[in-house]
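[1] pasting the sequence and the predicted coordinates here, then a few questions.
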Amino acid sequence: MCDEPSLGILRGLRPEPTLDEARAELSQAFSGIATRILKDKYGPLVGVVSQPAVNEFLQGFESNLCRAKGDLSLLVEELVDRLIPKN
């Protein structure tokens, strides 16, 4: 793994990853960390089990973030309409 992967993207050495690829890489990294930390207590399958769970969590987080962004934009529009009346 490269120490500074964004440099590879900026210099054109590595294509920009899709959202699914980035999510898979992140869940793989979290799974590796969970395996290293918890393998003595829970066994080596913790990372294998945690990777799909992390991937599912990230997908849910993205959908909730999109929904919250829409809700926040509606709230801001409503506040602006009430504070600044249209003549």
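    Yep, that arrived.
[2] pull out the buried positions in the helix ranked longest in the chain.
    Taking DSSP state H as the criterion, the chain has its longest helix at helix 46-83. Within helix 46-83, the residues that qualify as buried are 46-47, 50-51, 54-55, 58, counting by 16 or more other C-beta atoms under 10 Å. In this view, the C-beta of every residue, glycine as well, is placed from N, C-alpha and C.
[3] so among those, where is pLDDT lowest?
    Lowest pLDDT among the buried residues of helix 46-83: Gly47, with 67.
[4] average pLDDT across stretch 26-40?
    Stretch 26-40 carries an average pLDDT of 84.
[5] please point out which parts of it sit buried.
    27, 30-31, 34-35.
[6] just the CA coordinates for it, please, in PDB.
    Output in PDB follows, covering the C-alpha atoms of stretch 26-40 (Å, rounded to 0.1, in the frame of the first residue of the first chain):
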ATOM      1  CA  LEU A  26     -11.700   1.300   3.800                       C
ATOM      2  CA  SER A  27     -13.600  -1.700   5.000                       C
ATOM      3  CA  GLN A  28     -10.600  -3.900   4.300                       C
ATOM      4  CA  ALA A  29      -8.400  -1.600   6.300                       C
ATOM      5  CA  PHE A  30     -10.800  -1.600   9.200                       C
ATOM      6  CA  SER A  31     -11.100  -5.300   9.000                       C
ATOM      7  CA  GLY A  32      -7.300  -5.700   9.100                       C
ATOM      8  CA  ILE A  33      -7.100  -3.400  12.200                       C
ATOM      9  CA  ALA A  34      -9.900  -5.400  13.900                       C
ATOM     10  CA  THR A  35      -8.100  -8.700  13.100                       C
ATOM     11  CA  ARG A  36      -4.800  -7.400  14.600                       C
ATOM     12  CA  ILE A  37      -6.500  -6.000  17.700                       C
ATOM     13  CA  LEU A  38      -9.100  -8.700  18.500                       C
ATOM     14  CA  LYS A  39      -7.700 -11.900  17.000                       C
ATOM     15  CA  ASP A  40      -6.200 -13.100  20.400                       C
END
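[7] good, we can wrap up now.
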